[in-house]
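Participant: I'd like to go over a predicted model; first the sequence, then the structure.
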Amino acid sequence: MSKEQTQKEMFNRLETYKNVVTSELANTQFPEQPLNLYEPVKYILDLGGKRMRPILSMMACEMFSGEYIKAKDAALGVEIFHNFTLIHDDIMDAAPLRRGKETVHKKWNERVGLLSGDALMVESYKRLANYRPDLLPKILKLYNITAIEVCEGQQMDMDFESRDDVKIEEYINMIRLKTAVLLGCSLQLGAIVGGASEKDAQDLYNFGVNLGIAFQLQDDILDVYADQSKFGKQVGGDIIANKKTFLLLTALETANSDQLQRLRSLFNETNNEKKVEAVKEIYAELRIKDKAEQQMEIYYRTAMENLDAIHVDDVKKEPLRTIANYLLSRES
């Protein structure tokens, strides 16, 4: 099968998984009252999105059991949890838009946003509670560890805003916790439900975490170097905001005294276009893009090693290998 045929088959499969999740969420019955609790819950779930986390859960389950539908409740649980974090993140970031629509706290208010987010967290547990008693302890242990790690990552990200001594290894750990562990959890939940061995489930979790870190590093790169016509956000937005990304932290750690002075002076530059171009010049001098891509490649290769270690036929691993390659070849 050609690369194009493989990707087409993958997209068709992803669409099947996504449709299951979207349909289940749309058909979920919430109480009619109190309206200001449940209306925001339905609103955020109806905003859509890529549904990548639940898709990964179903892909993992199918890889081990041949039946993706077994992971439906696990998939819905992680997707509902993800949306809970989005509501709270938007409040903390004072974000006006989510997926092109008003954020929950803007459409209602912050107090409503906090409470409806809490309701989503409870709803995610209700989904996971549908599994057999012999599976539930494993599922809840993984889920609870992941949930608190996501909170830890978010707090670290907020703490970094007021720190000028953040190290690269701290940043990697932050994106691992804030973003990557939920991808790993999504995959491992599917593996558990699909009957995988503990080692295979752990290897699949590690695959997800390392892929998640590579994906976030790629996001840092795209924010600076993407084609604006293809990028969903403002190119250079991280530079304008002085956000501590892998690129900026690497520059701060490797710059000579002159470069460091120039870089720090640009933190207060108010002309955004001038600021982005000047920082990119320093990045070019330090080969920052190359260093970031090399680091991304390390995590990608480690993820592939994790996938290779799993004891199933290679043909069953191919969908995950294909989606990993697709995600890390994006331009937006």
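Facilitator: Thanks, I have the structure now. This one's a predicted model, so the numbers in the text were calculated from it and none came from an experiment.
Participant: in the chain, which helix has the most residues?
Facilitator: helix 198-225 (DSSP state H).
Participant: What ranges does the stretch 101-250 of the chain have for its helices?
Facilitator: 104-107, 110-128, 136-160, 168-175, 181-193, 198-225, 237-240, 246-254 (DSSP state H, counting those that start in this stretch).
Participant: Indicate which one of these is closest to R264.
Facilitator: The minimum distance between R264 and those falls on helix 246-254, with 8.3 Å, by Cβ to Cβ. Backbone N, C-alpha and C define where each C-beta goes, glycine included.
Participant: Let me know the average pLDDT across that closest one.
Facilitator: The average pLDDT for helix 246-254 rounds to 98.
Participant: tilt between that helix and helix 198-225?
Facilitator: Interaxial angle, helix 246-254 versus helix 198-225 (axes from the mean of the first three to the mean of the last three Cα atoms, to 10 degrees): 80 degrees.
Participant: What helices and strands are in contact with helix 246-254?
Facilitator: Under the contact criterion of 3 or more Cβ pairs under 8 Å, 6 or more residues apart in numbering; DSSP states H and E, helix 246-254 touches helix 168-175, helix 198-225, helix 237-240, helix 257-265, helix 272-286, helix 288-308.
Participant: Please spell out which residue in the chain sits farthest from the middle.
Facilitator: Residue farthest from the centre of the chain, counting by Cα atoms, centre = their mean, is D258 at 36.3 Å.
Participant: who's in contact with that residue?
Facilitator: With contacts defined as Cβ atoms under 8 Å, 6 or more residues apart in numbering, D258 has no neighbours.
Participant: And for the residue lying closest to G49 once chain neighbours are set aside, the neighbour number?
Facilitator: In space, and not counting its chain neighbours, G49 is closest to R99: 6.2 Å by Cβ to Cβ, 6 or more residues apart in numbering. Other residues within reach of R99, judged by other Cβ atoms under 10 Å, total 11.
Participant: Nearest to F84, out of the helices of the stretch 101-250 of the chain?
Facilitator: Among the helices of the stretch 101-250 of the chain, helix 110-128 comes nearest to F84, with 3.8 Å by Cβ to Cβ.
Participant: Contacts for that closest one next, please.
Facilitator: 36-38, 40-41, 44, 73-74, 76-78, 80-81, 83-85, 87-88, 90-91, 103-105, 108, 136, 139-140, 143, 147.
Participant: Can you tell me the SS state at K18?
Facilitator: Classification of K18 using DSSP: H, G, I helix; E, B strand; the rest coil returns helix.
Participant: ok, back up a step: okay, the angle between the longest helix of the chain and helix 136-160?
Facilitator: 30 degrees.
Participant: Need the residues that contact the one helix or strand L37 maps to.
Facilitator: Here L37, judged by DSSP states H and E, is contained in helix 35-45. Residues outside helix 35-45 that contact it (Cβ under 8 Å, 6+ apart) are 25, 28, 30-32, 80, 83, 86-87, 98, 104, 107-108, 112-113, 115-116, 119-120, 123.
Participant: same deal with stretch 13-24?
Facilitator: So stretch 13-24 is in contact with 48, 50-51, 54-55, 58-59, 68-69, 72, 75-76, 79, 319, 323, going by Cβ under 8 Å, 6+ apart.
Participant: Swap in 7 Å and give it another go.
Facilitator: Residues from elsewhere that reach stretch 13-24 (Cβ atoms under 7 Å, 6 or more residues apart in numbering): 51, 54-55, 58, 68, 72, 75-76, 79, 319.
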